[in-house]
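**Q** Can you look at this prediction? I've put the sequence above it.
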Amino acid sequence: MACTPIRRVTIPLIAAALIVGMLGCDGESYALTLGSTRGGSVTVPGEGTFVYDEGTVASLVAEAEEGYDFVNWAGDVATIGNVDAAIITITMQGDYEITAIFQYAAMVTAGGFHTVGLNDDGTVVAVGRNDDGQCDVGNWTGADQVATGDFHTVGLKDNSTVVAAGWNDSGQCNVGDWTAIIQVAAGGIHTVGLKDDGTVVAAGDISGGHDVGNWTGIYQVAAGFAHTVGAKDDGTVVAGGLTDDGQCDVGDWMDIIQVAAGDWHTVALKSDGTVVAVGSNHNGQCDVGDWTDIVQVAAGGYHTVGIKEDGTVVAAGDNSDGQCDISTWTDIVQVAAGWLHTVGLKEDGTVVAVGYNDHGQCDVGGWDLN
């Protein structure tokens with residue numbers, strides 16, 4: 001549910017940095033505008049806007065900082081052969097705006113009443129409610145990403161296959177035959193997988209217009225209780241599923257570089273560091289219109305969390321269990337939001353958590369994921 005971070009090597013820790021491009025100078029030359037998210041940079045030819053003659057083959061190189069991994073290229077990438085490769089070429093046939101996406105090597109994710117952490121060695125830890133076996137992940141190895149639904153946990157392996165544990169009454173854990181997956185997302189009653197060709201697969205309860213089988217050009221997916229959201233490589237967003245609260249009303253969104261799905265609301269990070277949200281707002285979880293300098297967002301049951309460029313955190317929405325008491329957090333590189341709790345991964349690999357803790361889902365003080 002909540003935050004669905006992006007896979008380390010192929011794609012939710014997505015941050016912001018798409019830069020507005022320029023028009024070609026005289027119709028025979030074109031502008032290539034390059035940027036990056038936090039955690040790395042475009043070293044060749046650099047970052048900014050570069051003008052090339054039509055037909056020029058330009059080389060692009062992305063390099064990650066220590067503790068981060070390159071994820072993929074996003075933006076005007078239709079002519080790029082392999083968006084997952086850190087070294088690529090592009091033939092200039094138009095004006096292109098392209099961003100290099102990076103994320104922290106370790107990660108955390110928050111489910112309904114459990115929390116899961118991915119160590120940078122590919123092993124997985126979990127605490128919290130386990131009556132459906134959603135925390136039975138101690139034997140997982142070679143994981144590149146983890147995602148948590150309300151009562152299940154999903155892991156993306158380094159061979160692009162998927163494992164799952166937990167509640168399976170709707171078939172949300174029936175992912176054993178998936179291949180060529182580059183990111184996973186887990187909702188209340190379903191699981192979604194993004195394939196390396198930009199298409200999407202799903203398992204579980206995907207009724208009510210929730211079918212994602214015809215989606216293309218997707219570079220990130222997020223899953224709420226009963227809806228699915230996809231960020232497209234042109235900066236637009238698609239959504240399907242239950243829409244009683246308007247959580248799928250994303251058709252007019254543009255310049256989006258990350259999406260997050262709460263139980264009944266949807267949040268997106270724009271390329272300029274601002275945030276938009278739709279859906280249930282009974283607790284103020286969509287009151288994010290004044291947020292700026294945001295590099296990642298997460299959506300929980302009834303609250304929304306965002307990381308700022310300086311590593312501090314902001315939150316909006318239900319705070320009945322203290323899940324929004326994050327104002328003192330610093331050096332945060334990734335956040336995740338569960339039903340009633342919030343988890344933050346610090347740059348040194350340690351983890352902090354606040355909120356409802358009756359099942360021990362906030363007992364992460366001893367974790368060191370680096």
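**A** Nice, thanks for sending it over. Numbering: from 1, shown residues only.

**Q** wait, what's in contact with residue 292?
**A** 273, 274 (C-beta atoms under 8 Å, 6 or more residues apart in numbering). Glycine gets a C-beta too; all of them are placed from N, C-alpha and C.

**Q** Output the below-cut-off pLDDT ranges for this structure.
**A** 1-27, 207-210 (pLDDT under 70).

**Q** quick one, domains of it?
**A** Taking automatic domain parsing as the reference, the chain has its domains at 29-103, 105-355.

**Q** Please identify the most buried of those domains.
**A** domain 105-355 (a mean of 22; mean count of other C-beta atoms under 10 Å).

**Q** Can you measure across that one, start residue to end residue?
**A** Using C-alpha to C-alpha, to the nearest Å, the end-to-end distance of domain 105-355 comes to 25 Å.

**Q** Check the offset of that domain from the chain's centre.
**A** 6 Å (C-alpha atoms, centre = their mean, to the nearest Å).

**Q** Could you dump the domains of the chain into a markdown table and include distance to residue 368?
**A** Output for these, formatted as a markdown table (distance: least, C-beta to C-beta, whole Å):
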| stretch | distance to residue 368 |
| --- | --- |
| domain 29-103 | 13 |
| domain 105-355 | 5 |
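
**Q** Nearest to residue 365, out of those?
**A** Shortest distance between residue 365 and the domains of the chain, using C-beta to C-beta, is found for domain 105-355: 7.7 Å.

**Q** The residue nearest to residue 50 when sequence neighbours are not counted and residue 55: what is the separation?
**A** Leaving aside its chain neighbours, residue 50 sits nearest to residue 32 (4.9 Å; criterion: C-beta to C-beta, 6 or more residues apart in numbering). As judged by C-beta to C-beta, to the nearest Å, residue 32 and residue 55 stand 13 Å apart.

**Q** list residues touching both of the two?
**A** Shared contacts of residue 32 and residue 55, counting by C-beta under 8 Å, 6+ apart, come down to residue 92.

**Q** one step back: mind checking which of the domains of the chain is nearest residue 370?
**A** Nearest to residue 370 among these is domain 105-355 (2.9 Å), distances taken as C-beta to C-beta.

**Q** does the residue nearest to residue 50 really touch residue 46, like I thought?
**A** No: applying C-beta atoms under 8 Å, one finds residue 32 not in contact with residue 46, separated by 10.6 Å.

**Q** I'd guessed residue 361 sits against residue 128; true?
**A** Yes: the criterion here is C-beta under 8 Å, and residue 361 meets it with residue 128 at 3.4 Å.

**Q** Spit out the residues that contact those two alike.
**A** Contact criterion C-beta under 8 Å, 6+ apart; residues shared by residue 361 and residue 128: 111, 113, 114, 115.

**Q** from these, which two are the most distant?
**A** Pairwise over the shared contacts of residue 361 and residue 128, using C-beta to C-beta, the maximum falls at 113 and 115, 8.9 Å.

**Q** before we move on, the earlier item: please pull up the helix or strand immediately following the host helix or strand of the residue nearest to residue 50.
**A** Assigned by DSSP states H and E, residue 32 belongs to strand 29-36. Under the assignment DSSP H and E, the closest C-terminal helix or strand after strand 29-36 is strand 40-44.

**Q** Can you tell me what sits against that following strand?
**A** Residues from elsewhere that reach strand 40-44, judged by C-beta under 8 Å, 6+ apart: 34-36, 47, 59-65, 68, 70, 100, 102.

**Q** and with 10 Å instead?
**A** 17, 34-36, 47-48, 58-65, 68-71, 73, 86-87, 98-103 (C-beta atoms under 10 Å, 6 or more residues apart in numbering).

**Q** Can I get that strand as CSV, trimmed to CA atoms?
**A** The C-alpha coordinates for strand 40-44 follow below in CSV (Å, rounded to 0.1, in the frame of the first residue of the first chain):
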residue,chain,number,x,y,z
GLY,A,40,23.6,10.8,-8.5
SER,A,41,24.2,12.9,-11.6
VAL,A,42,24.5,12.9,-15.3
THR,A,43,28.3,13.1,-15.8
VAL,A,44,28.3,13.0,-19.6
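
**Q** Return the distance of the nearest residue to residue 278 once chain neighbours are set aside relative to residue 215.
**A** Residue nearest to residue 278 in three dimensions, not counting chain neighbours: residue 249, with 4.8 Å by C-beta to C-beta, 6+ apart. As judged by C-beta to C-beta, residue 249 and residue 215 stand 17 Å apart.

**Q** hang on, isn't the residue nearest to residue 278 packed against residue 243?
**A** Yes: when contacts are counted by C-beta atoms under 10 Å, residue 249 is listed as touching residue 243 (7.1 Å).
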